[in-house]
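Colleague: Model the structure of this input:
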Amino acid sequence: MSIYTGSGVAVCTPFDSTGAFNANVYESLIKFHVEKGTDAIVSCGTTGEASTLNGDEHLEVVKTAVVAAKKFGDEAGKKVPVIAGGGGNDTANCCAVGKKLQQAGVDALMYVTPYYNKTSQAGLIQHYTAIAKGVDIPIIIYNVPSRTGLNIQPKTLATLAKLPNITAVKEASGDISQIVEVFERCGGDIDVYSGNDDQILPILSLGGKGVISTIANIAPRAVHDIVAKFMAGDIEGSRALQFSILPLVRLLFSDVNPMPVKAAVNLLGFDAGTCRLPLVAIEDGLHESLKQGMKRFGIL
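Modeller: Predicted structure coming up:
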């Protein structure tokens, strides 16, 4: 069974004026997403600035997500799974973090490929096998070579997909030919979620289950509906929505993610604060363009 079908939001992590995690705003963001139809909460991913959270903060953010998703999901009469990022470039630490996140009550774990020290494809198999043996819940492999400098090849994914709790991949390589090969090699052994907001519909057309989305931070209903319409057979409606979000996608990725996302979430009225260094505030020109783009889309 799939972890979810639809739109999972890679939700940003709000910080207060002192730079500390702002749990109250985080809860408000999760309530907003549940109300707008988001199908899963992805906590402490790239957009969640996980790389700047220490171990205690990471766990606090994820625990907050678990409690809020259950509370607001129950109020809405639906289950909203929480997926927690646990990736890194130290396999032993990834295993330890995974155990803590499982104990925190998450529904699944997401592990980005190791960065900086990287590894070989053989190393990736050993890395993910060690993690999979250490936890009892589903694992999503996150492939984003533009961030990590390491691409997980379809043949490697096909090997890992044989492990019982490696159940999905977030594909953000941007290489549609590679993604086609993933479907070819992995068949029904692994679910594929788009990791790029401009490729939701193409990946759905190949058999994808949905998206782990950045733009859903500010346009959750539209992203949910792209998937829902496709799954209901309304291909034209899904395509129209996919095209409609592209101007916003370009704006959100015209500087380093999640810098524009934080600005956009603040424009929506959530006090998400600023990014932690080395990420900085976006320039005034982009801020104004983002504001105007959100107005044109009808979310401001």
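Colleague: State the distance from Cys95 to Ile190.
Modeller: Going from Cys95 to Ile190 by CB to CB, to the nearest Å gives 21 Å. From N, CA and C alone the C-beta is placed, and that goes for glycine too.
Colleague: mind listing the strands for the stretch 151-300 of the chain?
Modeller: Taking DSSP state E, counting those that start in this stretch as the test, the strands found in the stretch 151-300 of the chain are 166-171, 191-194, 210-213.
Colleague: How far away from the center of its chain is the longest one?
Modeller: The reference is to strand 166-171. Remark: strand 166-171 is offset 11 Å from the chain centroid, using CA atoms, centre = their mean, to the nearest Å.
Colleague: In it, which residues are buried?
Modeller: Buried residues in strand 166-171, counting neighbours by 16 or more other CB atoms under 10 Å, are found at Ile166, Thr167, Ala168, Val169, Lys170, Glu171.
Colleague: coming back round to it: any chance of the strands of the stretch 151-300 of the chain in TSV, plus mean pLDDT and distance to Asp56?
Modeller: Converted to TSV, the strands of the stretch 151-300 of the chain look like this (pLDDT from 0 to 100; distance: least, CB to CB, whole Å):
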stretch	mean pLDDT	distance to Asp56
strand 166-171	98	26
strand 191-194	98	29
strand 210-213	98	25
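Colleague: circling back to that earlier point, nearest to Ala65, out of the buried residues of strand 166-171: which one, please.
Modeller: Comparing the buried residues of strand 166-171 against Ala65 with CB to CB picks out Lys170 as the nearest, at 17.2 Å.
Colleague: Now do the SS call for the closest residue to Ser43 other than its chain neighbours.
Modeller: Distances taken as CB to CB, 6 or more residues apart in numbering put Ala65 closest to Ser43, at 4.0 Å, once the chain neighbours are dropped. Here Ala65 is recorded as helix under DSSP: H, G, I helix; E, B strand; the rest coil.
Colleague: Now do the contacts for Ala65.
Modeller: Counting by CB atoms under 8 Å, 6 or more residues apart in numbering, Ala65 makes contact with Val11, Tyr26, Ile30, Ile41, Ser43, Val82, Ala84, Val106.
Colleague: Repeat that for Gly98.
Modeller: Contacts for Gly98 (CB under 8 Å, 6+ apart) come out as Gly86, Leu109, Tyr111, Ile131, Gly134, Val135.
Colleague: Model confidence score at it, please.
Modeller: Here, the pLDDT recorded for Gly98 equals 97.
Colleague: Where do the helices of the stretch 151-300 of the chain begin and end?
Modeller: 154-160, 176-186, 200-206, 220-231, 235-252, 259-267, 284-297 (DSSP state H, counting those that start in this stretch).
Colleague: can you pull the buried residues of the second one?
Modeller: Residues of helix 176-186 classed as buried under the neighbour-count rule (16+ other CB under 10 Å) are Gln178, Ile179, Glu181, Val182, Phe183, Arg185, Cys186.
Colleague: Is the fourth one in contact with Pro154, as I believe?
Modeller: Yes - taking contact to mean CB atoms under 8 Å, the distance of 4.7 Å between Val182 and Pro154 places them in contact.
Colleague: The strands of the stretch 151-300 of the chain: which one's closest to Ser289?
Modeller: With CB to CB as the yardstick, what comes closest out of the strands of the stretch 151-300 of the chain is strand 210-213 (20.6 Å).
Colleague: In a markdown table: the buried residues of strand 166-171, plus distance to Thr119.
Modeller: Converted to a markdown table, the buried residues of strand 166-171 look like this (distance: CB to CB, whole Å):
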| residue | distance to Thr119 |
| --- | --- |
| Ile166 | 17 |
| Thr167 | 22 |
| Ala168 | 21 |
| Val169 | 17 |
| Lys170 | 19 |
| Glu171 | 19 |
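Colleague: nearest to Lys209, of those residues?
Modeller: Closest to Lys209, out of all of the buried residues of strand 166-171 and judged by CB to CB, is Ala168, at 7.3 Å.
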